[in-house]
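# following is a predicted model, sequence given first.
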Amino acid sequence: MTRRRPARQSRRKQQDDAQFVLVAVIAAGAIALVVAVVHWLLAHWWLLLVAAVVAVPAFVVWWRQRAERMRWEQVQARALRYGLAQLDALSDRQFEFAVRDLMRRDGCTDAVQVGGQGDLGADVKATDPLGRRWVIQCKHRRGGERGAAVGTPELQVLNGTGRPVHKADVVVMLTNGRITQPGRTFARQQRLHLVDRNLLGAWASQGRPLWELLPALPAPRRPSSLS
């Protein structure tokens, strides 16, 4: 036993030394390559000038095309409209993406769809141009107003996560269906905002921002041209 241990230690030391030598050789090779490239570029500096002359106009063209594409996407977004029949025909997930796109249309450039398993009551999150953070829970009813009404239990779940978990300023329950009267009373008591079928239809089809259609919103977080 006493003879094997030093042998193992010796082999391990040899392996460590070999790895150190390999790393040192690689590092030295990399440094030598960098030095060689720098020397070559200094000797052929005119190539850098030619590359810059070619690259700068190409970058300008790319940047202009990108800006034009972004402007066109913004124009398309501002023209986005949905009819209630279109929204009724969507799947639950498609409905959430449609709400996200409507928030983007209104100027919430960071609007995202986050709904899914474990979403804790948030299907769409966004920040409006006045700096307010929105959390929207979407309840899609295939039958529209004939579908099951959204009631107090769903609103209680949203109320328990909208502000404490998601840190929202504006907490919204949105549906293409109906909301019960007890649910409306609970929402009013808890400062939750409701978008039922009628309000959804106006928002989706007319192009006005949702914050112009909802009453009693919290104060803006930052000034803007809209304030």
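That came through, no problem. Predicted, not measured: the structure shown is a model, and the values here were computed from it.

# need the helices for the chain, in chain order.
4-43, 45-78, 84-88, 92-105, 152-161, 181-190, 197-206 (DSSP state H).

# would you mark the buried spots in the shortest one?
Buried residues in helix 84-88, counting neighbours by 16 or more other CB atoms under 10 Å, are found at 84, 87-88. C-beta: built from backbone N, CA, C; applies to glycine.

# likewise the fourth one?
Buried residues in helix 92-105, counting neighbours by 16+ other CB under 10 Å, are found at 95-105.

# could you tell me the angle between that helix and helix 197-206?
Put simply, helix 92-105 runs at 60 degrees to helix 197-206, going by axes from the mean of the first three to the mean of the last three CA atoms, to 10 degrees.

# adding distance to residue 51 and pLDDT, write the buried residues of helix 84-88 out as TSV.
Shown next, in TSV, are these (distance: CB to CB, whole Å; pLDDT from 0 to 100):
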residue	distance to residue 51	pLDDT
84	57	96
87	52	97
88	57	96
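
# what would those residues look like in a markdown table with distance to residue 189?
Below are the buried residues of helix 84-88 laid out as a markdown table (distance: CB to CB, whole Å):
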| residue | distance to residue 189 |
| --- | --- |
| 84 | 29 |
| 87 | 28 |
| 88 | 30 |
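
# closest to residue 15 out of those?
Closest approach between those and residue 15, by CB to CB: residue 87, at 66.2 Å.

# in CSV, list the C-alpha atoms belonging to stretch 84-94.
Output in CSV follows, covering the C-alpha atoms of stretch 84-94 (Å, rounded to 0.1, in the frame of the first residue of the first chain):
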residue,chain,number,x,y,z
LEU,A,84,-64.9,40.1,-32.6
ALA,A,85,-65.7,37.3,-35.0
GLN,A,86,-61.9,37.0,-35.8
LEU,A,87,-61.1,37.0,-32.1
ASP,A,88,-63.7,34.4,-31.3
ALA,A,89,-62.3,32.0,-33.9
LEU,A,90,-58.8,32.1,-32.4
SER,A,91,-57.4,29.5,-30.1
ASP,A,92,-56.6,30.4,-26.5
ARG,A,93,-52.9,30.9,-27.3
GLN,A,94,-53.6,32.8,-30.5
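
# just to revisit the earlier point, return the closest of the buried residues of helix 92-105 with respect to residue 48.
Distances from residue 48 to the buried residues of helix 92-105, taken by CB to CB, are shortest for residue 104, at 42.0 Å.

# what's the local residue count around the residue lying closest to that closest one once chain neighbours are set aside?
Of all residues not flanking residue 104 in the chain, residue 111 sits nearest, at 4.8 Å (CB to CB, 6 or more residues apart in numbering). By other CB atoms under 10 Å, 21 other residues sit near residue 111.

# which residues sit in contact with residue 111?
100-101, 103-104, 124-126 (CB atoms under 8 Å, 6 or more residues apart in numbering).
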